[in-house]
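Q: fold the following and give me the result.
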Amino acid sequence: MTTIQGFAMLVSEQGEALKPDEVRDLAEGVVRANDRLKRLVGNLAAAARMDRAGVEVATRPMAAGDLVDRALSEFPRFGGSCGRTQES
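A: You can find the predicted model right below:
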């Protein structure tokens with residue numbers, strides 16, 4: 001929600017000074033952030049339903065770099081590779 005609010009505030013406060021492609025980039029960021037928020041809310045709702053049903057979730061270890069890459073993939077500007085190579 002902070003991302004959506006930040007993009008909206010930027011357009012609201014500096015909209016006149018922004019170039020059309022900058023406004024489009026900001027709008028695309030709002031759409032991506034909204035999609036992510038919908039997925040998070042959906043996942044939380046699913047987790048609550050599973051918890052009420054008594055479903056136990058099996059966890060497994062995961063490489064931290066993979067988690068960071070997955071998070072950064074939400075922000076294309078940062079690339080999503082953390083500067084790592086396959087050997088890292």
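
Q: domains in this structure, by residue range?
A: Listed by automatic domain parsing, the domain ranges of the chain are 2-57, 58-88.

Q: so where's this structure uncertain?
A: 75-88 (pLDDT under 70).

Q: let's see that with 90 instead.
A: 1-33, 36, 56-63, 65-88 (pLDDT under 90).

Q: centre-most residue in it?
A: residue 74 (4.4 Å; C-alpha atoms, centre = their mean).

Q: follow-up on the earlier one: just the domains of the chain: most buried one?
A: Each of the domains of the chain was scored by mean neighbour count; the highest is domain 2-57, a mean of 12, by mean count of other C-beta atoms under 10 Å. No exception for glycine: its C-beta is placed from N, CA and C like everyone else's.

Q: and the end-to-end length of that domain?
A: 30 Å (C-alpha to C-alpha, to the nearest Å).

Q: what's the distance between it and the middle of its chain?
A: Distance of domain 2-57 from its chain centroid, counting by C-alpha atoms, centre = their mean, to the nearest Å, is 7 Å.

Q: in the chain, what residue spans correspond to helices?
A: Ranges of helices within the chain are 2-14, 20-52, 64-72, based on DSSP state H.

Q: return the distance of the last one from the chain's centre.
A: Between the centre of helix 64-72 and the centre of its chain there are 11 Å (C-alpha atoms, centre = their mean).

Q: ok and that helix relative to helix 20-52, angle-wise?
A: Comparing the axes of helix 64-72 and helix 20-52 via axes from the mean of the first three to the mean of the last three C-alpha atoms, to 10 degrees yields an angle of 120 degrees.

Q: other SSEs contacting helix 64-72?
A: If you count contacts as 3 or more C-beta pairs under 8 Å, 6 or more residues apart in numbering; DSSP states H and E, helix 64-72 packs onto no helix or strand.

Q: can you show me the CA trace of that helix as CSV?
A: Extracted in CSV, the C-alpha atoms of helix 64-72 (Å, rounded to 0.1, in the frame of the first residue of the first chain):
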residue,chain,number,x,y,z
ALA,A,64,18.1,-16.5,0.9
GLY,A,65,19.3,-15.2,-2.5
ASP,A,66,16.4,-16.9,-4.2
LEU,A,67,14.0,-15.1,-1.9
VAL,A,68,15.7,-11.8,-2.6
ASP,A,69,15.6,-12.4,-6.3
ARG,A,70,11.9,-13.2,-6.1
ALA,A,71,11.2,-10.0,-4.1
LEU,A,72,13.3,-7.9,-6.5
